[in-house]
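Chemist: Attaching a predicted model along with its sequence, questions to come.
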Amino acid sequence: MIKVTIDDVEVEVAEGTTILNAARMIGGDVVPPAMCYYSKLPDTGGKCRTCLVEVAAGSTKDPRPMPKLVVSCSTPVQDGMVVKNKTSQRVHENRGAVVEFLLINHPLDCPVCDQAGECHLQDLGFEHGAEKTRYEEERRTFDPIDIGNKIKLHMNRCILCYRCVAVANQLTDKRVHGVLHRGEHAEISTYIESAVENDFSGNMIDVCPVGALTDKTFRFKSRVWFLKPMEAECECTKCSGKVVVWQFGNEIYRVTGRKDRYGEVEDQDGKPGWICNDCRFDKKDLSKWNIIGPRTIDRHSVISQGKYEGPRTSIKKVK
Amino acid sequence: MGRRLLLEHDNVAGIETFDVYRKNGGYRSVEKALKSMSPELVLEEVQKSGLRGRGGAGFPTGMKWSFLAKPEGVPRYLLCNADESEPGTFKDRYLMEKIPHLLIEGMIVSSFALGANQSYIYIRGEYMWILDILEKAIAEAYEKGFLGKNILGSGFDHDLSVAPGGGAYICGEETALIESLEGKRGNPRMKPPFPAVKGLYGCPTVVNNVESIAAVVPIINDGGEEYAKIGLGKSTGTKLISACGNLVRPGVYEIEMGITVEEFIYGDDYCRGIANGKKLKACVPGGSSVPILPHYLVTKTAAGEDRLMTYESLADGGFASGSMLGSGGFIVFDEDQCIVRNTWNFARFYAHESCGQCSPCREGTGWMEKVLNRLEHGQGNMRDIDLLAEINKKIEGNTICPLGDAAAWPVAAAIRHFRDEFEWHVNEREESQKRNYGLIREPQSIA
């Protein structure tokens, strides 16, 4: 076990742990936001740069500070490392810059976007974003396309976190989903409009931090904050069957995996709780589910503003 | 004219063939290394020579080699980075085109030192004709027993192949090169782990520039200490400089490190001054990604000393008043050239070549390109200039690979030294569309 200090909080972690995961062990405000890292998917992270932190001291052996900000999701901790996240002005400025970069080509269509309310970019924009954009140029636009008959891809909203590519690579058997072109023109796509046909392809929707990948069975049906999230389970041969159903009255509007406060699916029976497409898209009938009880939603998200109880510590007022 | 170690025989007719090359002293270093030296001794010679990577960063080659992990039973690889795509840089092209056997010879010796039984030359997709030249030369080397099994009876096996890329600048970044060679999309990897530990196919790998590998040949032939005698301080040996722009005699020159920049631009042995009797306006001394220098900082440093063609002297003054030797792509601008247009051109290149993996580079390079495009075409505002400075500050250092820095530095430097020209583009919108700023300015006091 090695000791690391993050924002003046000391924590003991196993060797090889990343700064982000060490911060998650502490929890609360010291956790840097992460848009592309997904602990359940190997080889994700390092791309969005929102989790940049300052390393004020490299280790006990070599206490020099690191000259550049480092990505906390892929930098392993060293014994005696001192990390600054919330307490660093540099981090605050650069994270704000990253948010600005992510937003310059992102449409401000939260009012019609299905992800609104549970969107990580919305949270991040709320916390770090400026009131106005400095981007006067034309935004890059794409036409929405279908990835299979149940998933819609709105490339305009994509921030190229590569999480869905990792899902396609790791959960599904064929590789038909990836990134085309490069630079500003890079886009998520399938291999020449071919559908992603796999029982677990729906998990792309769950891992998407923004509204780029949406559930076609739920699109435009309701705002997420009008729905009642309930933990439910069923006997499923393909997946764990442990899900969250989002109800309005007695009607199920959508089914998702059980996500933790970082937007990642929780482990079910020791395995990541990915759910299959049958559970997600087809079981929209209450009789098919055994409802366990209400799902508590973490209050850090914009979704819980003024709706759920508890102190609002992590949301700062926009000056 | 200084000593020429790499391009000594570049004008000998038929030097691209094995026989002529051999007659001119070729493959001596292979014989020497394989027959009389141990791999450790070769490494020691390279370390003694003080050779620094010629691809741009200037990292000591010997030290890079010494970092190579050597676990048992795992193959090691040597990769030659011939993905020379930096605008203004064309030295490797000349070397490979003229003397392909020099590179092959260097590859064999370097692989011997590293214990690599397979090496690859990753060549950029636009150099297809050089691919043919290299493949022909490799076939000859196989035929003569310098490649293949049991080279010269020493028991050392080595196979060398050439792999063409698809023409992406980003694949010149070593981890992107490895990804591309593995057949994947050329996205740079996160570091650590560094290629020296986990590179090609997860095995320890060294990636070196063409010129660095070629320089191993004279180092082994004459000894590292002899090589280190050429040059100045930590910049040892000779360097290929590809000079282009408004020069009387642009081209690829092999210089001894330590000659003055003035001699290089105006000397009779080198570029012979600025073409058409014009005056020097600015210079980019190391390929498009290094900061641009205004004329009063090209030949003299801010402290008033002569600026020399060395890693240290060109970087003198940091980014405030210095630049970098980089890859040796020496671009010269005369008084008629528009710095705004040039900066836009560079920004366009980086926006086009960004891999799109990490946000600051993907969005930032495109943003800078669009703002510069507006400025250049007379549609800019004063606040755009500050915005540009702000954007590049936020890209720099926040990206996965150095492409973000490379995109940010030239813009930052152009604004730092030529802000008046940017302002002129904003204030004289119509005029700026008709003519260039074309102004030679007096040295400003540098804060």
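Modeler: Everything's here; your move.

Chemist: Make sure A:G117 is actually in contact with A:W225.
Modeler: Yes - assessed by CB atoms under 8 Å, A:G117 is found in contact with A:W225 at 5.0 Å. In short, each C-beta sits where N, CA and C put it, glycine included.

Chemist: Comparing those two, which shows the higher neighbour count?
Modeler: A:G117 (21 against 17; other CB atoms under 10 Å in any protein chain shown).

Chemist: Assign a three-state SS to the more buried one, would you?
Modeler: coil (DSSP: H, G, I helix; E, B strand; the rest coil).

Chemist: confidence score at it?
Modeler: A:G117 is assigned 85 on the pLDDT scale.

Chemist: in chain A, which residue is closest to the centre?
Modeler: Central residue of chain A (CA atoms, centre = their mean): A:P209, 3.7 Å from the mean position.

Chemist: again with chain B
Modeler: So for chain B, CA atoms, centre = their mean, it's B:S327, sitting 2.4 Å from the centre.

Chemist: Quick one: low-confidence residue ranges for chain A.
Modeler: Residues of chain A that meet the criterion pLDDT under 70 lie in A:172-174, A:191-193, A:298-319.

Chemist: Which element is encountered next along the chain beyond the helix or strand hosting B:E369?
Modeler: Applying DSSP states H and E as the criterion places B:E369 in helix B:359-376. Per DSSP H and E, the first helix or strand lying C-terminal to helix B:359-376 is helix B:382-395.

Chemist: Any part of that next one near chain A?
Modeler: Yes - residues of helix B:382-395 contacting chain A under CB under 8 Å from any CB of the partner chain: B:387, B:394.

Chemist: Which SSE is immediately downstream of that helix?
Modeler: helix B:403-427.

Chemist: Against which helices or strands is that next one packed?
Modeler: Packing contacts for helix B:403-427, counted by 3 or more CB pairs under 8 Å, 6 or more residues apart in numbering or on different chains; DSSP states H and E, involve strand B:280-284, strand B:293-294, helix B:318-321, helix B:339-353, helix B:359-376, helix B:382-395, helix B:429-434.

Chemist: So what are the sheet partners of the shortest one and their directions?
Modeler: Partner strands for strand B:293-294, per DSSP bridges, with pairing direction: strand B:280-284 (antiparallel).

Chemist: and the stretch 51-200 of chain A, which of its residues are near chain B?
Modeler: Going by CB under 8 Å from any CB, the residues of the stretch 51-200 of chain A near chain B are A:52, A:67-69, A:71, A:74, A:94, A:97-98, A:100-102, A:104-105, A:134-135, A:137, A:140, A:159-160, A:162, A:178-179, A:181-186.

Chemist: Domains in the chain, by residue range?
Modeler: All of this refers to chain A. A:2-100, A:139-215, A:224-297 (automatic domain parsing).

Chemist: my question was about chain B
Modeler: Taken from automatic domain parsing, chain B resolves into B:18-228, B:232-334, B:339-434.

Chemist: Just the residues contacting stretch B:123-139, thanks.
Modeler: B:16, B:18, B:82-85, B:93, B:96-97, B:100-101, B:103-104, B:121, B:147, B:160-168, B:171-172 (CB atoms under 8 Å, 6 or more residues apart in numbering or on different chains).

Chemist: from the stretch 1-150 of chain B, which residue is nearest to chain A?
Modeler: Nearest residue of the stretch 1-150 of chain B to chain A: B:S85, at 13.5 Å (CB to the nearest CB).

Chemist: pLDDT score assigned to the residue lying closest to B:E179 once chain neighbours are set aside?
Modeler: Leaving aside its chain neighbours, B:E179 sits nearest to B:G186 (5.5 Å; criterion: CB to CB, 6 or more residues apart in numbering or on different chains). Predicted confidence (pLDDT) for B:G186: 91.

Chemist: Hmm, B:G186 is touching B:Y169, no?
Modeler: No - assessed by CB under 8 Å, B:G186 is found out of contact with B:Y169, at 9.4 Å.

Chemist: All the strands of chain B, in order from the start?
Modeler: B:77-82, B:118-123, B:159-164, B:205-209, B:231-232, B:235-236, B:238-245, B:251-256, B:280-284, B:293-294, B:329-334 (DSSP state E).

Chemist: Sheet partners, orientation included, of the fifth one?
Modeler: Pointing back at strand B:231-232 there. In the sheet, strand B:231-232 lines up with strand B:235-236 (antiparallel) (DSSP bridges).

Chemist: how about the nearest residue to B:K278 once chain neighbours are set aside, what does it touch?
Modeler: Spatial nearest neighbour of B:K278, chain neighbours left out: B:D334 (3.9 Å); criterion: CB to CB, 6+ apart. Each residue near B:D334 by CB under 8 Å, 6+ apart is listed here: B:245-246, B:274-276, B:278-281.

Chemist: In those, which residue is surrounded by the most others?
Modeler: Counting by other CB under 10 Å, top hit in the contacts of B:D334: B:K281 with 27 neighbours.

Chemist: gap between it and B:W367?
Modeler: Using CB to CB, to the nearest Å, B:K281 is found at 27 Å from B:W367.

Chemist: tally of neighbours for residue 91?
Modeler: No chain in the question, so chain A it is. 20.

Chemist: Correction: the question concerned chain B.
Modeler: 27.

Chemist: Please tell me I have it right and it contacts B:A214.
Modeler: No - assessed by CB under 8 Å, B:K91 is found out of contact with B:A214, at 10.2 Å.

Chemist: Run through the residues that contact residue 90.
Modeler: In the absence of a named chain, chain A is used. A:54, A:69.

Chemist: sorry, should have said chain B
Modeler: Contacts of B:F90 (CB under 8 Å, 6+ apart): B:84, B:242, B:244, B:252, B:329.

Chemist: which among the residues you listed gets closest to A:G46?
Modeler: Checking those against A:G46 by CB to CB gives B:E84 as the nearest, at 27.0 Å.

Chemist: give me the number of residues near the residue lying closest to the closest one once chain neighbours are set aside?
Modeler: Among residues not flanking B:E84 along the chain, B:D92 sits closest, at 4.3 Å (CB to CB, 6+ apart). Counted by other CB under 10 Å, the residues lying close to B:D92 total 30.

Chemist: how near is B:D92 to B:L147?
Modeler: Going from B:D92 to B:L147 by CB to CB gives 20 Å.

Chemist: B:C171 too?
Modeler: 25 Å.

Chemist: With neighbour numbers in mind, choose between those two.
Modeler: Set side by side, B:C171 and B:L147 show more neighbours around B:C171, with 28 against 23, by other CB under 10 Å.

Chemist: Surely the more buried one and B:G186 touch.
Modeler: Yes - with contacts counted by CB under 8 Å, B:C171 reaches B:G186, the gap being 4.3 Å.

Chemist: List of residues touching stretch A:289-296?
Modeler: A:228-234, A:243-245, A:252, A:258, A:283.

Chemist: What subset of those residues is buried?
Modeler: A:229-234, A:243-245, A:252, A:258, A:283 (16 or more other CB atoms under 10 Å in any protein chain shown).

Chemist: that older thread, count the residues that sit near the closest residue to the residue of the stretch 1-150 of chain B closest to chain A other than its chain neighbours.
Modeler: Residue nearest to B:S85 in three dimensions, not counting chain neighbours: B:Y169, with 4.2 Å by CB to CB, 6+ apart. Using other CB under 10 Å, B:Y169 has 26 neighbouring residues.
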